[in-house]
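1. Next one to model:
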Amino acid sequence: MTPGDITTRYAWQFRGGRGIDHCVPPQWLPIVAELCNAIEEAISVADRPAFYWLDIKEKRGTIAVDYVAPANMTDTIEALIEAASVKLPVE
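-> Below you'll find the model as predicted:
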């Protein structure tokens, strides 16, 4: 799996911003893909135009993300990001 595989599969989530940074370790990519899938399941098709990732990267040994979303989606998105971060392998 590559960052390109993820951005292609979940293209609607990556229509703006920098996407998945090259510093994301390859072993994290399945977890990033799971996060994108969880976002896809959580956000209705009608609400999808309001969401996209600005950046997904590694920062100080954990996942760091920036995104654009309406305020009413923030709690759900943050919970999904937190759930993904606890799955990351410890280096």
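2. okay, CA-based contacts and neighbour counts for the rest of this
-> Fine.
3. For the protein, just list every one of the helices.
-> Assigned by DSSP state H, the chain shows helices spanning 3-9, 29-42, 74-85.
4. Packed most tightly, which of the ones you listed would that be?
-> helix 29-42 (a mean of 17; mean count of other CA atoms under 10 Å).
5. Report the angle between that helix and helix 74-85.
-> 150 degrees (axes from the mean of the first three to the mean of the last three CA atoms, to 10 degrees).
6. if we can go back for a sec, turn the helices of the chain into a markdown table, including mean pLDDT and distance to W53.
-> Formatted as a markdown table, those follow (pLDDT from 0 to 100; distance: least, CA to CA, whole Å):
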| stretch | mean pLDDT | distance to W53 |
| --- | --- | --- |
| helix 3-9 | 97 | 10 |
| helix 29-42 | 98 | 10 |
| helix 74-85 | 96 | 11 |
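7. want to try JSON lines for the ones you listed, with distance to E58 as columns?
-> Formatted as JSON lines, the helices of the chain follow (distance: least, CA to CA, whole Å):
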{"stretch": "helix 3-9", "distance to E58": "13"}
{"stretch": "helix 29-42", "distance to E58": "11"}
{"stretch": "helix 74-85", "distance to E58": "11"}
